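Q: Structure for this input, please:
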Amino acid sequence: MSDSSDSEDSHSVARPSSPARPSNASSSGSAPPPCACAYLQALRGQINAGSYATTGGDYLEAIFTHREAFFAFPPGHRGCAIGFSELAQDLDGRQLPQVDGWRADWDGDSEAAAAFRHEAWVIANAF
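A: Residues are numbered from 1 along each chain as shown. Purely as a prediction, here's the structure:
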C-alpha cells in the first residue's frame with residue numbers, strides 16, 4: 001500500500017531556511033558580496049587593476065551612463081550608493097604619494113573620487 005505523503009515528499013522542492021550564498025562567496029564568509037551593479041563592479045575592477053584613467057574625465061561618462069541604467073531600473077541599483085563610495089575609496093588609495101608606480105593619468109583621481117561620493121549621496125537619497 002502506498003502512502004500519499006511519500007509521493008508528495010518526492011515532488012516537493014526543498015526550501016532553504018536562509019538565503020543561498022552566491023557561488024563566488026568564500027566558504028569562510030570573509031569576503032562580503034559586492035555592493036553594486038555589474039557596471040560599477042567592472043569599473044572597480046579597472047580601478048584596482050590600475051587601468052582606469054581619470055585625467056580625461058571618463059569618470060563623468062561613467063556616472064552619466066550609470067544614471068541612465070539607474071533611472072531605467074532603480075531596484076537593480078539599491079547597493080550602488082555603497083558601490084560609488086567604494087570606488088571613491090579605491091581612488092583615494094591610489095593617491096598616496098608613497099604608492100610605487102604613480103602615473104600621470106591618475107591626476108584626476110581626487111576630482112573623480114569627489115564626483116563618485118556625490119553620486120553615492122544622490123543614489124542613497126533616491127531610495
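Q: pLDDT on the longest helix seen in the chain, on average?
A: If you go by DSSP state H, the chain has its longest helix at helix 109-126. Averaging pLDDT along helix 109-126 yields 93.
Q: ok, and for it, which residues are buried?
A: By 16 or more other C-beta atoms under 10 Å, the buried positions in helix 109-126 come out as Asp109, Ala112, Ala113, Ala115, Phe116, Arg117, Glu119, Ala120, Ile123. Glycine gets a C-beta too; all of them are placed from N, C-alpha and C.
Q: Run through who's touching stretch 37-49.
A: Stretch 37-49 has contacts (C-beta atoms under 8 Å, 6 or more residues apart in numbering) with 34, 36, 52, 62, 65-66, 69, 76-77, 79-80, 83-84, 86-87, 90-91, 94.
Q: hmm, back to that, please name every helix or strand in contact with the longest helix of the chain.
A: On a contact count with 3 or more C-beta pairs under 8 Å, 6 or more residues apart in numbering; DSSP states H and E, helix 109-126 meets helix 58-72, helix 80-94.
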